[in-house]
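**Q** Predicted model and sequence follow; I will ask about them next.
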Amino acid sequence: MSDLISPRQVNELTTFREIRVTKASPICLLCKGGRRLCGKLSCPIIARAQSLVKTTLRISSPHIQGTTPPGVFVGRLGYPKVLIGPMVPPFTGNTEILDTPELWVGKEIQEIIDYRFSLIRGKTVAHIREAQTGTRLLDSLQELALGRSPVDAEVVLSKVPKGVLTLGSDIQPFGPSAPLRSFNASDVSVDHRLEKAFYDRDLKANSAVVDLYDSGVYVTRIQRAFSLGMFGIGKNRKLVPTRWSITAVDSIISQELINRIKQNDTVDDYRVYSFSYLDNRYVAILVPEKWSFEWIEAWFPGTTWNPDKGAREAAMMGDFEDYWGRSTYPDVGGCYYSCRLAVAEKLFQENRQAAAIVLREIHPGYILPVGVWNVRESVRQMLETVPEKFDNFKAALNSAMTKLTIPLKSWIESSQLLRKFLYQKKITEFS
């Protein structure tokens, strides 16, 4: 697998830190390549990244034979007509890890790039409503998404695939692609939990997602099936772009868990958790209060969404919700929901509720965004560690700051919940 990316390509990927943009970093932080807030037709950062990795793969034929993890993709450009197709590497074997982020924590960033760049993506146009009636290709992709193990497959493309690395904070990197002419796969070993939800055309999509999560299906596998329009009332089923399906599933599951934990007692003490991975530093503070949640991320100078290495400070952004939740999409993007899922999951396992503040520093060693799975799985790992425990908020906060490099003042300026717990007095203090 490692020989699919040349040494020169590896070197080129590490030069992302040399990218410059003229707009202020807060615009990049808010946009993250997806909203075109700078006014350009395409993101200059992503365009530069793409130019670094063009066609150096050893693929000389449009005929690809390999073992798909299984992997599928649904694009978003052109919505409601979108590009769909399978993802197949040009080799056989146990390829599950190539499209299963739950198995990636602990891997080096170059390994993850290798996994993603080895998947060749065939693509063809489909209307989102084709999920209601099906087509030959969509039926094949849906059958693939029901699989519980890798499947041998054959893809014939209209030309040799173009080696362009697709970046995004909400999705994993994707490798070469080309228009699809035909796709065939061997027999699929079906996961009967997914199969049951797929064939129940009277079961609402939200209920299907929660039922599958409760039965132990990987979140990323639920997201894959969700994107192919495999859940919900039959007449309402639609294809969902992969980027959107990831956030939708994280949101649905985390909201269900939050509804459950609100019936529980609060944690008994102030807890501080910490974790580092891929030059990201995470800290979580759990407070013995009713549910509320805040996620703040800080991109250091020289990182993808704050590329000016001459900048003096990190670009920071965050969002929060109180006990009653939120009604708008967070500016900080899908990472909010992936983190919320991990936190709510941990509290549900303990039959407790808490106010949670999660802080993330992204340092320059994080050479490109690898997707929101990184946040979900990193926070899951962090919350499995033994926390430090304190009997007051200030002591917990002081401990948290020793694990981060940004001064407390900057975090407070970016936070709603930190200010609340530091400065807002409780009614009990006046009794």
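**A** Right, received. Where do you want to start?
**Q** my read is residue 114 is in a helix, agree?
**A** Yes. Under DSSP: H, G, I helix; E, B strand; the rest coil, residue 114 falls within a helix.
**Q** now it: how far from residue 217?
**A** 26 Å (Cβ to Cβ, to the nearest Å). Just so you know, the C-beta spots here come from the backbone N, C-alpha and C atoms, and that holds for glycine as well.
**Q** Same check on residue 400?
**A** Taking Cβ to Cβ, one finds residue 400 at 34 Å from residue 217.
**Q** Tell me which of these two has more neighbours.
**A** Between residue 400 and residue 217, counting by other Cβ atoms under 10 Å, residue 400 is the more crowded of the two (23 against 18).
**Q** Let me know the secondary structure of the more buried one.
**A** helix.
**Q** immediately after the lowest-mean-pLDDT helix or strand in the chain, which helix or strand?
**A** Within the chain, no helix or strand scores below helix 7-13, which has a mean of 41 by mean pLDDT, DSSP states H and E. Sequence-wise, the next helix or strand downstream of helix 7-13 (DSSP states H and E) is helix 25-31.
**Q** and that following helix, what other elements does it pack with?
**A** strand 315-321 (3 or more Cβ pairs under 8 Å, 6 or more residues apart in numbering; DSSP states H and E).
**Q** Show residues contacting the strand it packs on.
**A** Strand 315-321 is contacted from outside by 25-26, 28-30, 292-299, 305-306, 326, 330-332, 336, 406, 410-411, 414-417, using Cβ atoms under 8 Å, 6 or more residues apart in numbering.
**Q** Mind giving me the PyMOL command for buried ones among those?
**A** Command for PyMOL that selects the buried part of the contacts of strand 315-321, burial taken from 16 or more other Cβ atoms under 10 Å:
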select buried, resi 25+28+29+30+292+293+294+295+296+297+298+299+305+306+330+332+336+406+411+414+415+416+417
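**Q** how about the helices of the stretch 51-200 of the chain, start to end?
**A** Under the criterion DSSP state H, counting those that start in this stretch, the stretch 51-200 of the chain carries helices at the ranges 109-117, 130-133, 136-145, 192-199.
**Q** which residues of the stretch 301-431 of the chain score low on pLDDT?
**A** 425-431 (pLDDT under 70).
**Q** Of all residues in this protein, which one is nearest the centre?
**A** In the chain, the residue lying closest to the centroid (Cα atoms, centre = their mean) is residue 372, at 2.1 Å.
**Q** That one and residue 341: what is the separation?
**A** Distance from residue 372 to residue 341, by Cβ to Cβ: 10 Å.
**Q** Find the residues that touch each one of the two.
**A** residue 250.
**Q** Where does residue 296 sit: helix, strand or coil?
**A** Going by three-state DSSP: residue 296 is strand.
**Q** Find the nearest non-adjacent residue to it, please.
**A** residue 318 (3.2 Å; Cβ to Cβ, 6 or more residues apart in numbering).
**Q** got it, and residue 314?
**A** Residue 314 sits nearest to residue 298 (Cβ to Cβ, 6+ apart), 4.1 Å away.
**Q** Contacts only, for that neighbour.
**A** 314-316, 359-362, 406, 410, 414.
**Q** Could you check how far it is from residue 284?
**A** With Cβ to Cβ as the criterion, residue 298 and residue 284 are 15 Å apart.
**Q** try residue 117
**A** Residue 117 is 32 Å from residue 284, by Cβ to Cβ.
**Q** Please apply the same query to residue 146.
**A** 35 Å.
**Q** so where's the stretch 51-200 of the chain shaky on pLDDT?
**A** Ranges of the stretch 51-200 of the chain meeting pLDDT under 70: 51-58, 163-174.
**Q** domain ranges for the protein?
**A** With domains defined by automatic domain parsing, the chain comprises 2-185, 192-256, 265-430.
**Q** so how far is the second one off the chain centroid?
**A** Computed by Cα atoms, centre = their mean, to the nearest Å, the separation of domain 192-256 from the middle of its chain amounts to 16 Å.
**Q** what's the first-to-last distance across that domain?
**A** Domain 192-256 has an end-to-end distance of 23 Å (criterion: Cα to Cα, to the nearest Å).
**Q** how close does residue 226 get to residue 198?
**A** For residue 226, the distance to residue 198 - Cβ to Cβ - is 11 Å.
**Q** Kindly report the same for residue 404.
**A** Taken as Cβ to Cβ, the span from residue 404 to residue 198 is 44 Å.
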